[in-house]
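Asks: give the three-dimensional model of this entry:
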Amino acid sequence: MSREYFGKDLEAMSFAPNYHQWILHEFAPYIGEDIVEVGAGTGNFSELLLNTQHRRKLVALEPSANMFAELEKRLAGIPNAEAKSAFFGDCGYRDSLDTVFYINVLEHIENDAQELLYVRDSLKSGGYICLFVPALTYLYSNLDKKIGHFRRYHKQSLADLMTASGFKLIDIKYFDMAGILPWYVAFVLFKYEA
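Replies: Okay, the predicted model is just below:
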């Protein structure tokens, strides 16, 4: 993951609050008190996490210099919320976190297996990692490459990666099946680069 990020805020439709609300709803049963959001961008999802009932502390990590300033400003003055310009593996968490979030971030990390080992070691017993990643390797396009994606995932490959990293899989599913054909045509066949 680079210190500069040239996509639009996690390229994840930051303008669409329902998108982030849906993700939050899917992960709601796994949100604990001590939370880290990795690759928080400018804090769109962080803001939703701050409003969850059981949160005691939120640390939002954003190593990209051009996004961190906005994140830091957005979280300034909010009790028990902290923005850090850091990569997760550099933070030294050990058996101390309830939940770690990667929302459209893991695909930006070249060594995703090592990253997951950092997370595994950071979680308390019974802690959770919540992942939301781009799917289907055959949809990998020039746009993916341009915005810093090393890969896309199939359910089985992600499940295998998680279990190899020592996690017990609770749920895994695809989202937005209707978007597959338009993405394939625009970005794979015609190589459109937004």
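
Asks: helices or strands up against the strand ranked longest in the chain?
Replies: For the chain, the longest strand by residue count, based on DSSP state E, is strand 123-132. Secondary-structure packing of strand 123-132 (3 or more C-beta pairs under 8 Å, 6 or more residues apart in numbering; DSSP states H and E): strand 97-103, helix 112-122. Using the backbone N, CA and C atoms, a C-beta is placed for each residue, glycine as well.

Asks: in JSON lines: the ones you listed, plus mean pLDDT, distance to residue 75 and mean neighbour count.
Replies: Converted to JSON lines, the helices and strands packed on strand 123-132 look like this (pLDDT from 0 to 100; distance: least, C-beta to C-beta, whole Å; neighbours: other C-beta atoms under 10 Å):
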{"stretch": "strand 97-103", "mean pLDDT": "97", "distance to residue 75": "15", "mean neighbour count": "24"}
{"stretch": "helix 112-122", "mean pLDDT": "97", "distance to residue 75": "20", "mean neighbour count": "18"}
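
Asks: right, and these - which one's nearest residue 128?
Replies: With C-beta to C-beta, the closest approach to residue 128 among the helices and strands packed on strand 123-132 belongs to strand 97-103: 4.9 Å.

Asks: so what touches that closest one?
Replies: 10, 12, 20, 23, 27, 30-39, 45, 49, 88, 119, 122-124, 127-133 (C-beta atoms under 8 Å, 6 or more residues apart in numbering).

Asks: in PyMOL, how would I select just the buried ones from those residues?
Replies: Listed next is the PyMOL selection for buried residues among these, using 16 or more other C-beta atoms under 10 Å:
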select buried, resi 10+12+20+23+27+31+32+34+35+36+37+38+39+45+49+88+119+122+123+127+128+129+130+131+132+133
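
Asks: residues near residue 64, how many?
Replies: Neighbourhood size, residue 64 [other C-beta atoms under 10 Å]: 23.

Asks: please pull out the lowest mean pLDDT helix or strand from the protein.
Replies: Every helix and strand of the chain was ranked by mean pLDDT, DSSP states H and E. The lowest is helix 180-183, at a mean of 51.

Asks: quick one: secondary structure of residue 94?
Replies: Per DSSP: H, G, I helix; E, B strand; the rest coil, the secondary structure class of residue 94 is coil.
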